[in-house]
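> Sharing a model that was predicted from the sequence below.
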Amino acid sequence: MKLLKLHLDSSILNKRMFKLVDFEKDWIGYGSFEAKACEKYLPDYVQISINSLDTEIIHHFEGQGYRFSEFRINRKLNLQSNNISDSYLFPYSINQVANNNQLKTVLEIAKEVHFDDRFSSDYSMSEMTPIKRNLTFLKKSYQKKDEFLLFYSNQQSGKILGYQSGKFINEKEVLLFLTGLTVDFESKKYRGLFDLLFYKWLINNHVKHINAVSNGVNLTELNLAFQSQSYEIVSTEIVLRKWFSQIGYL
């Protein structure tokens, strides 16, 4: 069992943020581990992701002062080749963010997008924390070679309408991060259309599998994923967190 530092979260919140991993075999001895880890790392915050079926482990960590943060659904989609023509998708297109002006527009859209995650539902976090976090992660996806930041746009007007970020796990598999659309394009109709654009982009880049993680309270995203996108649930997790310093200041 060990603590991994969450460097971006630590930077955003100016706190020592960690994740507990490799606990499955010796979780019963967490109490003594925590005492030593606190002396070594001085954590402000530690999170842990536990399979939803492992109720004994969940209850053990609740007994150690951890509290519920998020119900997480891990899902997967196997892409099938399609013959969707560009004329069907016209006038909308998808492209990689290629310059600072495009990035700026994407970030402005992201400021207005509601996003459900373990920080947005945590009463100990300020309302600005999830927004700051999302903006930082979008910038990271723009900069890193193994990640991507795409934007949806209207080819006729040139207006950017939304974005999608993610990471290449390998040459044929991606993990989705953040997605968002402007208010006028949040309907199920446009979400489905932009998904087709995204799938076409992935297939053109030889990707065959999509992995995604959803917060259990994001019903709109989940309904869309399972009703019209044929995702399958791979696993579910309970995310717990524990503050080791005073809360209510973030």
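Arrived safely, thanks for sending.
> Going by C-alpha atoms from here, please, whenever you check contacts or count neighbours.
OK.
> Can you report how many residues lie near residue 64?
Counted with other C-alpha atoms under 10 Å, the neighbours of residue 64 add up to 13.
> pretty sure it contacts residue 31?
Yes - counting by C-alpha atoms under 8 Å, residue 64 does reach residue 31; the two are 7.4 Å apart.
> Return the list of helices and strands in contact with the helix or strand in which residue 161 is found.
If you go by DSSP states H and E, residue 161 is part of strand 160-170. With contacts taken as 3 or more C-alpha pairs under 8 Å, 6 or more residues apart in numbering; DSSP states H and E, strand 160-170 sits against helix 100-110, helix 128-143, strand 147-154, strand 173-181.
> Select, out of these, the one closest to residue 46.
Among these, the nearest to residue 46 by C-alpha to C-alpha is helix 128-143 (16.5 Å).
> Name the nearest residue to residue 119, ignoring sequence neighbours.
residue 130 (5.9 Å; C-alpha to C-alpha, 6 or more residues apart in numbering).
> Run a quick neighbour tally on that neighbour.
22.
> can you list the weak-confidence ranges in the protein?
Where the chain drops to pLDDT under 70, the residues are 82-84, 187-188, 219-220, 225, 227-228, 246-250.
> Show me the helices in it, by range?
For the chain, the helices defined by DSSP state H occupy 7-13, 30-41, 55-63, 86-89, 100-110, 128-143, 188-204, 219-227.
> what domains does the record give for this structure?
2-71+238-243, 77-235 (automatic domain parsing).
> Please work out how many residues are found near residue 160.
20.
> show me the contacts for the nearest residue to it once chain neighbours are set aside.
With C-alpha to C-alpha, 6+ apart as the criterion, residue 160 has its nearest non-adjacent residue at 4.3 Å, and that residue is residue 153. By C-alpha atoms under 8 Å, 6 or more residues apart in numbering, the residues touching residue 153 are 92-94, 159-162.
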